[in-house]
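[1] got a predicted model here, sequence first, then my questions.
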Amino acid sequence: MTGRDRVAKRLGCRITPPTLLVEYSVPAEGGGLTRHKEFKLSVRSLHPSKSSSLLRTVKERLARSALSVGDEQVDHLLKILRSRVYDGSKLSKPEKPTASGQPDLNKVSEEELKDAKAEMDVAFEQNRVKPGDAAFVYDKQVEFGEADSDCSWDDDD
């Protein structure tokens, strides 16, 4: 097959995992069936210092698949992937959940923090007991039993 046998229709990218997507047609096969090809990229290859070698590598992979795509289109998609995967020159990784299963809110972005706080506000309002509610008790006092574990850390010496 030559580059003329396969006609690239659309290009796209997937952020996780970093992948270039090519939609193409093969006119010789049953009137131009549409096919898809994925080119997975390593995160390291997207580093800004490797941009020219990455473009060359992707073009070679496309040529091996008998697909002809313009350099500008591929370069534009690689810039999108690079900007989404890297924040400046640091790799942006999703926050690992803490033992409670929630991400560490000290390390998330401002937008993620606002979303988390909004969810907490909704949960708080659902559990809130207001004056006038049947479960409301004014000046509620609760006695706690003896501690189950050693709490010598707060004893005065």
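    Looks like it came in fine.
[2] how many other residues sit next to L41?
    Look at L41: counted by other Cβ atoms under 10 Å, it has 21 neighbours. (C-beta placed from N, C-alpha, C; glycine too.)
[3] pull the contacting residues for the closest residue to it other than its chain neighbours.
    Distances taken as Cβ to Cβ, 6 or more residues apart in numbering place P18 nearest to L41, at 4.4 Å, with adjacent residues excluded. P18 makes contacts with K40, L41, S42, V43, L46, L81, V85, as judged by Cβ atoms under 8 Å, 6 or more residues apart in numbering.
[4] ok, the residue nearest to the first one when sequence neighbours are not counted - how many residues close by?
    Among residues not flanking K40 along the chain, T19 sits closest, at 5.0 Å (Cβ to Cβ, 6+ apart). Number of residues near T19 (other Cβ under 10 Å) recorded here: 14.
[5] give me the pLDDT for T19.
    Listed pLDDT for T19 reads 83.
[6] my guess is it meets E38, correct?
    Yes. Using Cβ atoms under 8 Å, T19 makes contact with E38 at a distance of 5.2 Å.
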